[in-house]
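Peer 1: Structure here, sequence nowhere to be found:
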């Protein structure tokens, strides 16, 4: 063996690790300053200081800023984070995540490489930060938590820290493109000791995990009277609140500044800075909070699913993420159909003549407890291939997410 080469590799690895640690500490300090501006406060840090060994950090996921709030809460602890694979494909952000040594994760599927990376980072003395929900909250409440997270906790066998980031969704909900200044409160606690991860069963770990992640940002806003410093309290909200409670029409609601108006029947709502929704006139019918309006939509879909024969179909454009360039490439236009069996894509126009997309794609329901999605498209993957399916109408992706979750839940009860 060439000793000089070996020593050079070891030296290079150490320098890379030191660089990442310095970057993380600098970012943590910067995050702290930003969080002061966002009115962020941290509670329960004293308990974390007692933990000297590497640990697994689990955080609620109200918004894309949670790693920022988490960095502030944990500072000066150094950690590496687990991030959705698709974010690594964004030109600037992807490079930044790699610089910090973040770990790529395929959403809502078994990712063996990700699991191995988490284990390796823990064994090398690093803390690992991840969000069990796997995507940002849709309506200010906890999403689906896979049982596999509990198995991971038991297998890793290290202390588990909980970050309950309250108000994060209010400050930057997924349906709004810009953050709003609010009041974020980070509550920290030791969720599991090392001994507990060894003694408790997977089921007991999962039960405690789900209970700890039972949050509602709109309850938090009401309790602490959180005021949002923005005039655009309803901007983009029609993506989430897509169904009119007066006429029952879908995707007819338009948003502007602090108002929601149905273009079909004129039903109007005003959203104030404290999260309260009121009718704009005596003839309008609205729900008093965003989460309760969302419940109305969920319940409607649940009833349709339980009655049988449920089916959604939409015109869509398929993009595939090129594994070499990490850029989305337009592949085909066609129809995406959702039934109790799963999601099927039928291509009608092929844009990439070299593509093998000349057959229908199918994603079975047993693999879809929920969906990864953004405002205008959903993300589906199989056999290592990641695809996005975009919709023309705002709100469709939200409805599809609710429908997938309802179909999956109904499948388990049959």
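Peer 2: Looks like it arrived, so ask away. Given the structure is predicted, the values throughout are model-derived calculations rather than measurements.
Peer 1: what about residue 395, neighbour count?
Peer 2: Number of residues near residue 395 (other Cβ atoms under 10 Å) recorded here: 22. For every residue, glycine as well, the C-beta is placed using N, CA and C.
Peer 1: residues touching the nearest residue to it once chain neighbours are set aside, list them.
Peer 2: Nearest non-adjacent residue to residue 395, counting by Cβ to Cβ, 6 or more residues apart in numbering: residue 242, 3.2 Å away. Taking Cβ atoms under 8 Å, 6 or more residues apart in numbering, we find residue 242 in contact with 250, 251, 253, 297, 394, 395, 396, 398, 399.
Peer 1: swap in residue 136?
Peer 2: The neighbourhood of residue 136, defined by Cβ under 8 Å, 6+ apart, consists of 61, 62, 63, 64, 66, 169, 174.
Peer 1: is it fair to say residue 343 lies in a strand?
Peer 2: Yes - Residue 343 forms part of a strand when assessed by DSSP: H, G, I helix; E, B strand; the rest coil.
Peer 1: Surely it and residue 363 touch.
Peer 2: Yes - counting by Cβ atoms under 8 Å, residue 343 does reach residue 363; the two are 4.4 Å apart.
Peer 1: Can you pull the residues that touch both of these two?
Peer 2: residue 380.
Peer 1: the more surrounded of these two?
Peer 2: Neighbour count, other Cβ under 10 Å: between residue 343 and residue 363, residue 343 has more, with 24 against 20.
Peer 1: give me the low-pLDDT residue ranges for the protein?
Peer 2: Applying pLDDT under 70 to the chain picks out residues 1-46, 93-94, 107-109, 323-326, 353-358, 382-384, 412-414.
Peer 1: Run through the residues that contact residue 191.
Peer 2: By Cβ under 8 Å, 6+ apart, the contact set of residue 191 is 58, 160, 161, 162, 208, 209, 212.
Peer 1: burial measure for the fourth one, as a count.
Peer 2: Looking back up the chat, that one is residue 162. 19.
Peer 1: Same check on the first one?
Peer 2: The number of residues packed near residue 58 is 27, by other Cβ under 10 Å.
Peer 1: That one belongs to a strand, doesn't it?
Peer 2: Yes - judged by three-state DSSP, residue 58 forms part of a strand.
Peer 1: rewinding a little: so which of the contacts of residue 242 belong to helices?
Peer 2: When DSSP state H is applied, these are split such that 297, 396, 398, 399 fall in helices.
Peer 1: In CSV: the residues you listed, plus distance to residue 348 and neighbour count.
Peer 2: CSV is the format used below for these (distance: Cβ to Cβ, whole Å; neighbours: other Cβ atoms under 10 Å):
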residue, distance to residue 348, neighbour count
297, 29, 21
396, 18, 25
398, 25, 24
399, 22, 23
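Peer 1: Contact partners for residue 268?
Peer 2: By Cβ under 8 Å, 6+ apart, the neighbours of residue 268 are 259, 260, 261, 262, 279, 280, 281, 284.
Peer 1: which one is it nearest to, not counting chain neighbours?
Peer 2: Closest to residue 268 by Cβ to Cβ, 6+ apart is residue 280, at 3.4 Å.
Peer 1: show me the contacts for that neighbour.
Peer 2: 259, 261, 268, 269, 270.
Peer 1: what's around the fourth one, how many residues?
Peer 2: Neighbourhood size, residue 269 [other Cβ under 10 Å]: 27.
Peer 1: which stretch of helix or strand covers it?
Peer 2: Secondary structure assignment for residue 269, by DSSP states H and E: strand 268-271.
Peer 1: So what's the gap between that strand and the chain middle?
Peer 2: 27 Å (Cα atoms, centre = their mean, to the nearest Å).
Peer 1: Run me through the strand neighbours of it, direction for each.
Peer 2: Strand 268-271 pairs in its sheet with strand 259-262 (antiparallel), strand 277-279 (antiparallel), by DSSP bridges.
Peer 1: give me every residue that touches the closest residue to residue 189 other than its chain neighbours.
Peer 2: Among residues not flanking residue 189 along the chain, residue 162 sits closest, at 4.9 Å (Cβ to Cβ, 6+ apart). Applying Cβ under 8 Å, 6+ apart to residue 162 gives the contacts 58, 59, 187, 188, 189, 190, 191, 212.
Peer 1: Kindly report the same for residue 371.
Peer 2: 108, 378, 379, 380, 400, 401, 404, 405.
Peer 1: Spatially central, which residue of this protein would that be?
Peer 2: Nearest to the geometric centre of the chain sits residue 135, at 1.5 Å (Cα atoms, centre = their mean).
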